[in-house]
Structure formats: C-alpha cells, structure tokens
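Q: Pasted the sequence and its predicted model underneath.
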Amino acid sequence: MKKILSARYVVVSILILIAIWQVLFLVSDYSEALFPSPFMAFTALLEMIASGQLLTSIITSMSRFIIGYGLSVIAAVLLGLLLGSLPEVFKYINPTLQLLRPISPTAWMPFVVLLFGIGDVPAVVIIFIAAFFPVLLSTVSSVGNIAPIYYKVADNFGVKQPLLTWKIVFPAAFPGIANAIHLALGSAWIFLVAGEMVGAQSGLGYQIIDARNNVRADILLATIFVIGIIGLALDFILGQVEKLILKSWGGGK
C-alpha cells in the first residue's frame, strides 16, 4: 500500500510541475523557440526516442556514471574503514582532505581534460571526485562512532582482523556509510552532466550543449526532464538496495 501511495505522490508532483510549466508558457512573452511548452518538449522527446539518440545518450552516460560512482564508493569505503581504524594516522591526513573537499569537481575539469583529452575519462574522473570525499569522511566518522562494546564482544570471541572489519566494523558503521553513499549519488549524477557538457562529445550532458548550439530548446528541456527522471530512479533503486542490506543484517524493517 505504501508503494502505491509513494508512486501516486511522485506522479502528482510531476503533474503539478508540468502544470506550472504550462502556465508559465502561456503567460510568458518569450518565443516558443526559447521557451517551449510541455507538449513541444514531449514531442521532442518522442523524436529523440524514435531516432535512437536518447537511448544512445542514456547508455553512454550511465556507463560513465556506473564506472565513476562505483569506483569512487569502493575506494572511499575501503580507505575510510582503514583510516577510521587508525585515528592517529587520520589526524595527519584530515587537514589535506578538508583542503581538497570544498573544491568543486568542475574546477578540476580543465586540468583533467589537459591530461586525458576529450572523452569518457574526464567525465568518469569528475564523478569519482564528486562522490569520493563525502563517502570517505562519513565512513571514517561512522567507524569512529562505533560503540566500544562491539570491540569488547569481538575480543571476547577472539575475532581478529580482517574478519573484525567485515563482520563487526562494517555492519555497525553501515547506516552512516549508506547515508553518505545515498547523498553522494545525487552529487555524482549532477556532476556527470556537468562533466559531459565540457569534457565529452556524447551523453546527456553533451546533448544539452548540442541542443543549445542548434537552438533546440525543446530538446534541451526534454533532456533535462529525462536527467531528472533517471536521477529519481537511481535514488529509488539505491534506497531499496540499502534496505535489503540492512534487513539482511537484522536492521530496518
């Protein structure tokens, strides 16, 4: 029943957004070429689907996203578990992380393009950077906040490394880690599009730039809408995976 209600809320919310868009179109003085109606954007969406352009862009962007985001999460969690278990070492590394963390991933784009050229790698690197620091720092914090009783119980049962990390530390810290992974998903998806707008010649981000250059605002807005829908779907899927993992460890409902 809850799933039905949630789906209803999503549909109603999107319909409200489209209605506001239509009202703005009707009262706006802008040309249709600059600010198209929802129907025009929907027609452009069907045009992209029929030509295969949309599917190709989605596959390209999703491939980059899965590689960049996946590698970033794996690297950040593993390094976070290690640094979280070595608090004295982390005290020396943390200032450097805090220096690099506030720098926007797009600020690295010119340097990345100079190193790797135009293509898949710049977008993947930007996604990696966007997701890495939030997950890393949250993992370290989550490990540091584990109750000492967990370590005492593990010691009483003779649980040693690396089993201690995978059977005790990681499950205990997982709720905090999962929250960071979830938040990093949105940032990574945003910066994927930004990376493709600058450092790629394919994908959804590049499709936006191409639509702008060809003065196809209908395609531009249709692509933006698709990006939002995919982001919503990714967020939902990741949430379901987190629930399954927590349930398998005896947490959640």
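A: Noted; the coordinates are in hand. Residues are numbered from 1 along each chain as shown.
Q: So for the strand or helix carrying residue 219, what gets flagged as buried?
A: Per DSSP states H and E: residue 219 is located in helix 217-248. Across helix 217-248, burial judged by 16 or more other C-beta atoms under 10 Å covers 217-227, 230-231, 234, 238, 242, 246. Every residue, glycine included, has its C-beta placed from N, CA and C.
Q: What of stretch 161-173?
A: 164-165, 168-173.
Q: which among those gets closest to residue 144?
A: Comparing the buried residues of stretch 161-173 against residue 144 with C-beta to C-beta places residue 173 closest, at 8.8 Å.
Q: For burial, what's the neighbour tally of residue 68?
A: 26 (other C-beta atoms under 10 Å).
Q: swap in the one 10 residues further on?
A: Neighbourhood size, residue 78 [other C-beta under 10 Å]: 13.
Q: Packing partners of the host helix or strand of it?
A: For residue 78, the host element (DSSP H and E) is helix 53-84. Packing contacts for helix 53-84, counted by 3 or more C-beta pairs under 8 Å, 6 or more residues apart in numbering; DSSP states H and E, involve helix 38-51, helix 87-100, helix 120-144, helix 170-199, helix 204-213, helix 217-248.
Q: Tell me which of those sits most buried.
A: Most buried of these, by mean neighbour count (mean count of other C-beta atoms under 10 Å): helix 120-144, with a mean of 24.
Q: Centre of the chain to that helix, how far?
A: Its chain's C-alpha centre and that of helix 120-144 lie 10 Å apart, by C-alpha atoms, centre = their mean, to the nearest Å.
Q: Which strands or helices does it pack on?
A: helix 53-84, helix 87-100, helix 109-116, helix 170-199.
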